[in-house]
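A.B. asks: Structure of the sequence below:
(one chain, ligands or ions: 1)
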Amino acid sequence: VAKAGTLAHILVTGAAGFIGSHVTDRLLQAGHAVSGVDNFVRGRRDNLCPALAHGTFHLMENDLSTQEGCTRAFEAAHRIGPIDEVWHLAANSDIAAGIADPSIDLRDTFLTTFHVLGAMRYFGVRIFVFASSSAIYGIHSGPLAEDTGSLFPISSYGAMKLASEGIISASVESFLSRAYVLRFPNVLGGRATHGIVFDFIEKLRCSPKVLPVLGDGNQQKPYLHVSELVDAMIFILAHARERLNCFNISVSDEGATVRSIAETVVRMIAPGTPICYEQQDRGWVGDVPKFRYATDKLSALGWRAQLSSIQAVERATLECYAQTGACSS
Ligand SMILES: NC(=O)c1ccc[n+]([C@@H]2O[C@H](COP(=O)([O-])OP(=O)(O)OC[C@H]3O[C@@H](n4cnc5c(N)ncnc54)[C@H](O)[C@@H]3O)[C@@H](O)[C@H]2O)c1
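C.D. replies: Numbers count the residues shown, from 1 in each chain. As a prediction, the model looks like this:
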């Protein structure tokens with residue numbers, strides 16, 4: 001299935017999740033064969049409806065946090081044809097859940113990376129793409145560049161992403177021919193399984209009298225639409241040729257405040273609803289309340305986002321509102 005007329009055979013982990021499903025669609029559209037793996041802890045089969053219509057998409061259900069699960073997934077994918085690249089998006093994406101129980105981040109973020117790399121080594125796959133995060137940086141006052149340090153994450157999510165980056169760099173030394181460590185900002189869009197716009201819409205649906213906001217609303221971060229994130233990932237893969245390629249991916253503006261996002265979502269889907277803020281500057285333990293990415297490295301490579309943070313919020317609001325159904329609580 002994989003090889004007839006296709007460009008490459010790419011294994012995407014976390015394929016049924018928010019970003020993984022968009023990545024999968026775009027790789028298939030570009031003519032690649034995709035083997036998608038997910039354990040459906042958070043991913044949804046519905047997200048893969050367009051992919052499942054492609055003859056060159058193959059879906060597997062495996063837990064990638066164990067060596068056995070990884071071996072099974074790689075064996076199944078390998079039967080279709082040799083795997084050229086792995087795009088590793090599977091992780092725990094719920095930062096608050098990881099604060100309550102850090103073993104979730106150990107398992108779904110670090111151990112998936114560790115065992116996927118082990119399987120790549122065994123099956124001779126040499127190109128690795130990793131979904132990292134601004135959470136690796138911890139708290140810094142200025143813009144975050146790829147070489148900003150010291151790196152002291154304040155969430156176990158960030159800690160396990162940073163540990164993953166460490167094992168990736170060690171794997172470049174020992175067996176990978178190329179690795180891409182891509183540090184995402186906050187990503188928004190249709191099929192979201194979590195995140196600020198998704199949360200606000202859920203809250204407004206479930207209890208439309210008031211929108212409660214976590215924190216004082218002054219938190220300020222960059223927000224990128226998922227379509228632009230996938231553009232950037234594909235662009236980086238096509239243009240960056242070091243053995244270890246590390247890039248921040250982000251919008252060019254200063255970001256959007258939580259207050260401006262709440263006001264935008266309310267204006268678009270529930271005009272007039274009062275918004276209720278808390279006193280503290282952080283939304284939750286482990287939340288970095290303000291950050292900004294330096295994107296000079298990605299701009300120098302030739303890629304810039306077209307949408308501002310608030311334009312990404314507007315587009316995501318329409319998409320998430322169209323997708324949400326009954327109240328989930
Ligand atoms: N969404 C964002 O704003 C954002 C920001 C920075 C980084 N990221 C990273 O991007 C990636 C995708 O995030 P997302 O927002 O699409 O989250 P998501 O939760 O929608 O997707 C992650 C997918 O991984 C799967 N998964 C989790 N543990 C697994 C395991 N043990 N075995 C197999 N599958 C497993 C889940 O079922 C889910 O489908 C993650 O690595 C995340 O940390 C996301």
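
A.B. asks: List the residues that contact residue 177.
C.D. replies: Contacts of residue 177 were listed using Cβ atoms under 8 Å, 6 or more residues apart in numbering, and they are 126, 127, 243. Bear in mind the C-beta positions are built from the backbone N, C-alpha and C, glycine included.

A.B. asks: Name the nearest residue to the second one, sequence neighbours excluded.
C.D. replies: In other words, residue 127. In space, and not counting its chain neighbours, residue 127 is closest to residue 85: 4.2 Å by Cβ to Cβ, 6 or more residues apart in numbering.

A.B. asks: ok, back up a step: just curious, which of the contacts of residue 177 is nearest to the ligand?
C.D. replies: Within those, the smallest distance to the ligand is 17.5 Å, found for residue 127 (Cβ to the nearest ligand atom).

A.B. asks: Identify the bridge partners of that closest one.
C.D. replies: For residue 127, the beta-bridge partners under DSSP bridges are residue 85, residue 178.

A.B. asks: before we move on, the earlier item: weed out the non-buried ones from the contacts of residue 177.
C.D. replies: 126, 127 (16 or more other Cβ atoms under 10 Å).

A.B. asks: Columns pLDDT on top of the contacts of residue 177, output as CSV?
C.D. replies: Output for these, formatted as CSV (pLDDT from 0 to 100):
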residue, pLDDT
126, 98
127, 98
243, 98
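
A.B. asks: Could you list which of the contacts of residue 177 also contact the ligand?
C.D. replies: By Cβ under 6 Å from any ligand atom, no member of the contacts of residue 177 lies near the ligand.

A.B. asks: Enumerate the residues of the stretch 51-200 of the chain near the ligand.
C.D. replies: For the stretch 51-200 of the chain, the residues in contact with the ligand (Cβ under 6 Å from any ligand atom) are 63-65, 89-91, 93, 108, 112, 131, 133, 184, 186-187, 193, 195.

A.B. asks: do that again at 8 Å, thanks
C.D. replies: Residues of the stretch 51-200 of the chain found near the ligand (Cβ under 8 Å from any ligand atom) are 62-65, 69, 88-94, 107-109, 111-112, 131-135, 157, 161, 183-188, 191-195.

A.B. asks: quick one: contacts of stretch 225-237?
C.D. replies: Where contact means Cβ under 8 Å, 6+ apart, the residues beyond stretch 225-237 that reach it are 18-19, 22-23, 26, 30, 87, 129, 180, 182, 184, 187-191, 245, 247, 249, 251, 298, 301-303, 305-307, 311-312, 315-316.
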